[in-house]
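Student: everything below, folded, please.
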Amino acid sequence: MVIVGGGRRGVGRMVTAACVGGLLLGAAGCTAAPKPAPPSPTPTIAPIFASDEEALAAATEAYANYQDMSDQIDSEGGIDPERIAPFVSASLLPTAVHQSDGFREAGARSVGSTTFVVAGAQQLSYASPDEIAISLYICDDVSEVDVLDESGSSLVSEIRDSVTPFEVGFALNSVEALIVDSREVWKGKSFC
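Tutor: Presented below is the predicted three-dimensional model:
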């Protein structure tokens, strides 16, 4: 009960003080507890490519770069085959370099360029640099390529298969560009 006015001043002040104190305590009791800070967002790693089309285009370009350098090395008689290194992984480099041995040993050189067609994607996974798995089905076409000996005579067999199916895997290099990581002749029914 609040006593207002006349009567006992001391009691009124005490009641008023008690009311103000009660209001303050009540207000403190009604204040919502501080909200906990929202959890820190988990850092997300952007995918390497924005879409499958972009991944496919990057892999196609990487293979074209590999094939261009391979053709150049062969056209120069297999000299300095280590030039293929920027276009292949460290694990594939010995095989890629070894492919030029026959040219050097025979004193041969190639004329013309290899073409290729991407027959399809075997796998396109590129969530992060650590989880990349891109492989394509590729048909190499050497119908416009001849291999000549030192006298200029062709070494190509008349029964050569001009088109060869490959399964080609890709990896990222140190600047996150695709390079050829594996290249195996397809053993099953040709998709070319």
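Student: all the helices of the protein, in order from the start?
Tutor: Taking DSSP state H as the criterion, the chain contains helices spanning 9-30, 52-75, 93-98, 101-106.
Student: can you tell me which of those the model trusts least?
Tutor: Here these differ in mean pLDDT, and the lowest is helix 9-30 at a mean of 41.
Student: domain parsing for this protein?
Tutor: 1-33, 52-185 (automatic domain parsing).
Student: most packed of these?
Tutor: Among the domains of the chain, domain 52-185 has the highest mean neighbour count (mean count of other CB atoms under 10 Å), at a mean of 16. All C-beta atoms are positioned from the backbone trio N, CA, C, and that covers glycine.
Student: dump the residue contacts of residue 118.
Tutor: Residue 118 is in contact with 56, 59-60, 63, 136-138, counting by CB atoms under 8 Å, 6 or more residues apart in numbering.
Student: and the longest strand for this protein?
Tutor: strand 115-126 (DSSP state E).
Student: quick one: that strand to helix 52-75, angle?
Tutor: 140 degrees (axes from the mean of the first three to the mean of the last three CA atoms, to 10 degrees).
Student: turn the contacts of residue 118 into JSON lines, columns for distance to residue 121.
Tutor: Output for the contacts of residue 118, formatted as JSON lines (distance: CB to CB, whole Å):
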{"residue": "56", "distance to residue 121": "6"}
{"residue": "59", "distance to residue 121": "8"}
{"residue": "60", "distance to residue 121": "10"}
{"residue": "63", "distance to residue 121": "12"}
{"residue": "136", "distance to residue 121": "6"}
{"residue": "137", "distance to residue 121": "8"}
{"residue": "138", "distance to residue 121": "10"}
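Student: and which of the residues you listed is nearest to residue 186?
Tutor: residue 137 (7.0 Å; CB to CB).
Student: isn't the closest one right next to residue 165, touching?
Tutor: Yes. Proximity of residue 137 to residue 165 meets the contact threshold set by CB atoms under 8 Å, at 6.8 Å.
Student: what residues are shared contacts of these two?
Tutor: In contact with both residue 137 and residue 165: 119, 186, 191, using CB under 8 Å, 6+ apart.
Student: how far away is the first one from residue 99?
Tutor: When you say that, I think you mean residue 119. 22 Å (CB to CB, to the nearest Å).
Student: kindly report the same for residue 185.
Tutor: Counting by CB to CB, the gap from residue 185 to residue 99 is 12 Å.
Student: now the shared contacts of residue 137 and residue 165 in CSV, with pLDDT and distance to residue 152?
Tutor: Compiled in CSV, the shared contacts of residue 137 and residue 165 are given as follows (pLDDT from 0 to 100; distance: CB to CB, whole Å):
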residue, pLDDT, distance to residue 152
119, 95, 35
186, 94, 33
191, 93, 36
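Student: what bridges to the residue lying closest to residue 129 once chain neighbours are set aside?
Tutor: Among residues not flanking residue 129 along the chain, residue 172 sits closest, at 5.5 Å (CB to CB, 6 or more residues apart in numbering). Counting by DSSP bridges, residue 172 is bridged to residue 178.
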